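Enquirer: could you look at this predicted model? Sequence included:
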Amino acid sequence: MNQRILLALVLLFSIVCHAQEKLSISYDNTPLKEVLTDIESKSGVLFSYAQEFVVDKSISLSPQEISIDDLLPLLATQTGLIFEKVSTQQIIITQRKVICGYVVDSDTKATLPFVTIFINEGLNTTTDDNGYFSIEDTSLSTENVRISFIGYDDKEVEITAGNPCPTIALDPISSALDEVVVLGYVTSGIDRNRDGSIGMDTDKLGILPGLVTPDIAQSIQLIPGISTLDESATGIQIRGGSPDQNLILYDEIKLYNTGYFYGMFSLFNPFATKKATIFRSGTSASYGDRISGIIDISSGDLIPKKTEGGIEIDGLSVNGYVKTPLSEKVALYAFARRSYSNILETPTYNSYEDKIFTNFGVARDINGNVLELETDDDFDPDSSNNDFYFTDVNAKVVVKPNDKNSISVSGLYTRNRLDFDFTGGDELVIDSLITQNKGASVNWKYTSNDIYQQKLSAYYSEYNSFYENDEIKDETGDGVPELAEINIRQNDIIDLGLKFTSGIAIKDTQKLTLGYELSYTDLDVVISKENPVDAEFESSGQDDENIQNALFSEYTFSFTNKGFINAGVRFVHYSSLDEFLIEPRLNFEYPLSDRFRIKTALERRNQPISQLVEFNHTELRLENELWRLSDDDQFPLLSSNQISGGVLYHYKNLNIDVDAYYKELDGLTTFTNGFSNPLENLEEGESTIKGLDVLLKYRWNNYKIWAGYTYNDITFQFPNLAETAFEFPGNNDITHSFRISNTLQLEKWQFSLGWQFRSGKPITPVNSYTIQIDADGENAGVVNFGSVNSDRLPDFHRLDASVLYDFDISTGNNTLKAQVGLSFLNIYDRVKPLNLIYKAERKPLDDGGIAVPGTDGSTPEELEVILEQVIQRFSLGFTPNAVLRVSF
């Protein structure tokens, strides 16, 4: 027995020693099967494998002495196979489903870190510090891999899972002006360009908290300095500017309305918005007509190699698209979307409905006393009915006859309709609102060589808004309700434009851009009120037009260290003002090192059209903005001067961006800024905006965290408002705004969690409120307001989350890519007022102190302010949403 044990130990020892001894090897493009046979003969180990795994694979190793344990990883690297040592004498070879490669610069052969690799929809990665990438997935086979990196041309290569990792060379883009300073500035798909603008690519956009679709209007609100006051997708304020002060372009089509359902949802189909460029400051001289931000959106211009498309359904709408090559040089894009809330109301829709159709809450004076309003018309979802839907259609044809020319023709149509009614007291109120956009554009780009580039664009844009409010009640007292009042508010705009731009590269470091822009705007406004019972009719409006002629020029000098200075000027003439204006622009950035950049920008801009906030003839009082052309009289030209400056730090996975700015705005009025106090006369004023934007972002493997903070000090100056101080906080003065967001990707899962906080909006307090009896024996509330915007609403904060999961659907020979997702807005269901509007009017008093409506000959000092209604708008409550997306 002891002899047997001793023999076994001797055999085991000899096997171990033999397995760990050094093997003498040397292979030069030797077939893998021969290599395995050679190793078996020298080591005594056995390899188990399927014959198809080793076909067409070869090994190259220099002459050396190596152990079997050190040799196996080398074989795995060169073959892409898995070598699993299951015992001292047996090794099993299996095939890995791995897509891998190395990405290098085609000129310098230097490896490129942080390059974005797209395997398929929902499956992507980035290269590491050595330019290496790999994705392991059991569903991978032979894949078309798209490689994208700022400053380089996109490239598609075919890689077979399990094959050796190829080296892929990217070609640098010749134009240095297309360079990006920070890739993934906020999150993947949102980058910071060298000129200070923000670039967004929805194909690369990562998951965001509270969102299940890559909506541009919601996504850009993660950028410090960009926000909304009402949680909407369209009320975007950029560095203290109002939403109507933003220039929004879609394939060069100028848009005057960008939302549905009172702006809560964006009209930009997520499938139809490929890229966007956003300017907060440092605006190019080629952009005009607005004094705040620029949002320039493109549906893309690539010709796909094969037909691709998809369909999506979420808690509000059904959405689909197709992109197909008609030939090697022509492609057709088509996008369509429609809401289905008029057929089925989901929890998502119900939450928005509750926000929009609740207009009242407990109103108090400055001492906390509740205001008992006798004439308040309160409505909510339970006391009202609504029928709402929206639809949009986009199409585009892309033609690339050769390498020098690119032509595209785009068209869009959007429509939003809402029918609403409620019974308040003894009257039935019926509202109807229709808004729509129509547009088309033709764009031609010509690149003769690296020196000359030209672009010609022409567009047609039409905006229509029609609102009707009908009040049905018993006016005569005979018990028969009849149509007592009709209020109509209509706004129609037709805008035509043509722009030509020519770029000339004087030297490698210098570029000159020259351009001309011509546009024609025809604008109609109608506000009418009719009383059919008494045959009374009142109407007012505007029918005006404006022709813009503009010349612009820019000179850019690029330093050898990738800094630059851009000086531009825009000369413009507006026919509605009969005025010639000059708008200088300056943008400068300079790297102090590889990690630090300093920046500054100065600009003057003008705006010949703006929105009037009108309250008198609407019941809902939500989407109550009317566009008006400036006439330098009642509606003055808006002008702004802005200077900004800061520092940018970028090193590996850390971004820190600090930017301070100062703006002066002229041409504001008490009508265009939403004063809801009873101000009888239109008054003109100014505004100053001081602000600071701070961004911190860090990435660790598949985890990203970013935080953004904005400080704003917005002051209005209206010298002729006798009842208030000369200066007071602006209506949109949100002093502090903070967001922090986290995202995590685990294989096919994506998670995101974000929290946001901001100060409350300024409001005018009620100092006192007393009930008196008017001449008709009815109660009338006499109110005494405090100083304008001297109080604030409660602070606002909200916690949001999202989760997405990617999977495949097999359909015979094809595999569809699919994604499901869930999102939750305001997880802890904290609902607070976001806005407060007073509906009041001045009425005279008789000797007994009783309010007597309609008394003639009263002076303003004899008038009392009668408060009839307090309209409150609240934040969203807990709002779930879900999405299913399938693409091919």
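Expert: Noted; the coordinates are in hand.
Enquirer: residue 656: neighbouring residues, count only.
Expert: Counted with other Cβ atoms under 10 Å, the neighbours of residue 656 add up to 16. Just so you know, the C-beta spots here come from the backbone N, C-alpha and C atoms, and that holds for glycine as well.
Enquirer: same deal with residue 189?
Expert: Neighbour number of residue 189 under other Cβ under 10 Å is 21.
Enquirer: check residue 329 too.
Expert: Neighbours of residue 329 (other Cβ under 10 Å): 13.
Enquirer: can you check residue 696 too?
Expert: 17.
Enquirer: double-check it against residue 706; I have them as touching.
Expert: Yes: Residue 696 is within contact range of residue 706, at 6.7 Å (criterion: Cβ atoms under 8 Å).
Enquirer: find residues that contact each of these two.
Expert: residue 655 (Cβ atoms under 8 Å, 6 or more residues apart in numbering).
Enquirer: care to break this protein down by domain?
Expert: Following automatic domain parsing, one gets these domains for the chain: 16-95, 98-173, 317-887.
Enquirer: mean pLDDT lowest where, among the ones you listed?
Expert: Sorting the domains of the chain by mean pLDDT places domain 98-173 lowest, at a mean of 77.
Enquirer: on that earlier part again, for residue 192, which of the domains of the chain is the nearest?
Expert: domain 317-887 (7.4 Å; Cβ to Cβ).
Enquirer: distance between the closest one and the chain's centre?
Expert: Domain 317-887 sits 13 Å away from the centroid of its parent chain (Cα atoms, centre = their mean, to the nearest Å).
Enquirer: ok, now how distant is residue 188 from residue 273?
Expert: Relative to residue 273, residue 188 is positioned 16 Å away (Cβ to Cβ, to the nearest Å).
Enquirer: and the two? Which one has more around it.
Expert: The residue with more neighbours, out of residue 188 and residue 273, is residue 273; 26 against 20, by other Cβ under 10 Å.
Enquirer: dihedrals phi and psi, that one?
Expert: Backbone torsions of residue 273, given as degrees, to the nearest 10, read phi -120, psi 90.
Enquirer: got it, and residue 36?
Expert: Dihedral angles (degrees, to the nearest 10) for residue 36: phi -60, psi -40.
Enquirer: please apply the same query to the one 5 residues further on.
Expert: As for residue 41, its main-chain torsions (degrees, to the nearest 10) stand at phi -70, psi -30.
Enquirer: ok, it - how many residues close by?
Expert: 8.
Enquirer: strands of the stretch 101-250 of the chain, residue ranges please.
Expert: 116-120, 123-126, 132-136, 142-148, 155-160, 167-170, 180-182, 190-193, 198-201, 226-228, 236-238, 247-250 (DSSP state E, counting those that start in this stretch).
Enquirer: deepest of these, which one?
Expert: Mean neighbours per residue, mean count of other Cβ atoms under 10 Å, is largest over the strands of the stretch 101-250 of the chain for strand 236-238, with a mean of 24.
Enquirer: pairing partners for it, with directions?
Expert: strand 226-228 (antiparallel) (DSSP bridges).
Enquirer: leaving out chain neighbours, which residue sits closest to residue 355?
Expert: The shortest distance from residue 355 to any non-neighbouring residue, by Cβ to Cβ, 6 or more residues apart in numbering, is to residue 876 (5.2 Å).
Enquirer: host element of that neighbour?
Expert: Residue 876 belongs to no helix or strand when assigned by DSSP states H and E.
Enquirer: ok, it to residue 760 distance?
Expert: Residue 876 is 16 Å from residue 760, by Cβ to Cβ.
Enquirer: higher neighbour count, these two?
Expert: Comparing residue 876 with residue 760 by other Cβ under 10 Å, the one with more neighbours is residue 876, at 21 against 17.
Enquirer: doesn't residue 826 make contact with the more buried one?
Expert: Yes: Residue 876 lies in contact with residue 826 (Cβ under 8 Å); the separation is 5.5 Å.
Enquirer: coming back round to it: for residue 195, which of the domains of the chain is the nearest?
Expert: Among the domains of the chain, domain 317-887 sits nearest to residue 195 (Cβ to Cβ), with 6.2 Å.
Enquirer: ok, the nearest residue to residue 147 once chain neighbours are set aside - contacts?
Expert: Closest residue in space to residue 147, ignoring its immediate chain neighbours: residue 155 at 4.8 Å, by Cβ to Cβ, 6+ apart. Going by Cβ under 8 Å, 6+ apart, residue 155 touches 146, 147, 168, 170, 171.
Enquirer: I'd like those as JSON lines, with distance to residue 653 appended.
Expert: What follows is those, written out as JSON lines (distance: Cβ to Cβ, whole Å):
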{"residue": "146", "distance to residue 653": "23"}
{"residue": "147", "distance to residue 653": "20"}
{"residue": "168", "distance to residue 653": "23"}
{"residue": "170", "distance to residue 653": "21"}
{"residue": "171", "distance to residue 653": "26"}
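Enquirer: now, which of those sits nearest residue 839?
Expert: residue 146 (55.8 Å).
Enquirer: now that closest one: how far from residue 762?
Expert: Counting by Cβ to Cβ, the gap from residue 146 to residue 762 is 48 Å.
Enquirer: what's around residue 328, how many residues?
Expert: 9.
Enquirer: go on, residue 790?
Expert: 17.
Enquirer: for the residue nearest to it when sequence neighbours are not counted, what are its contacts?
Expert: In this structure, residue 790 finds its nearest non-sequential neighbour in residue 765, 6.2 Å apart by Cβ to Cβ, 6+ apart. Counting by Cβ under 8 Å, 6+ apart, residue 765 touches 365, 366, 785, 786, 787, 790, 791.
Enquirer: my guess is the first one contacts residue 371. True?
Expert: Yes: with contact taken as Cβ under 8 Å, residue 365 and residue 371 are classed as touching, separated by 6.4 Å.
Enquirer: need the overlap of contacts for those two.
Expert: With Cβ under 8 Å, 6+ apart as the test, residue 365 and residue 371 both reach 766, 769.
Enquirer: out of the domains of the chain, which is closest to residue 221?
Expert: The nearest among the domains of the chain, by Cβ to Cβ, is domain 317-887 at 8.2 Å.
Enquirer: how about the strands of the stretch 101-250 of the chain in TSV, adding distance to residue 754?
Expert: TSV is the format used below for those (distance: least, Cβ to Cβ, whole Å):
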stretch	distance to residue 754
strand 116-120	22
strand 123-126	21
strand 132-136	27
strand 142-148	26
strand 155-160	34
strand 167-170	33
strand 180-182	20
strand 190-193	14
strand 198-201	17
strand 226-228	14
strand 236-238	18
strand 247-250	25
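Enquirer: closest to residue 800 out of these?
Expert: Closest among the strands of the stretch 101-250 of the chain, using Cβ to Cβ: strand 226-228, at 14.3 Å.
Enquirer: distance from the chain centre to the closest one, please.
Expert: 10 Å.
Enquirer: give me the contacts around it.
Expert: Outside strand 226-228, the residues touching it (Cβ under 8 Å, 6+ apart) are 220-221, 234-239, 278, 280, 293, 710, 734, 737, 758.
Enquirer: cool, stretch 502-513 as well?
Expert: Against stretch 502-513 from outside (Cβ under 8 Å, 6+ apart): 176-177, 286, 450-455, 501, 514-515, 552-560, 568.
Enquirer: check stretch 531-550 too.
Expert: Here stretch 531-550 has contacts from 288-289, 475-476, 482-486, 516-530, 570-576, 608-609, 628-629, 631, using Cβ under 8 Å, 6+ apart.
Enquirer: one more pass at 6 Å, please.
Expert: 288, 475, 483-485, 517-530, 570, 572-576, 608, 629 (Cβ atoms under 6 Å, 6 or more residues apart in numbering).
Enquirer: can you give me the buried ones in that stretch?
Expert: 542, 544, 546, 548, 550 (16 or more other Cβ atoms under 10 Å).
Enquirer: ditto for stretch 865-885
Expert: In stretch 865-885, counting by 16+ other Cβ under 10 Å, buried: 865-876, 879, 881, 883, 885.
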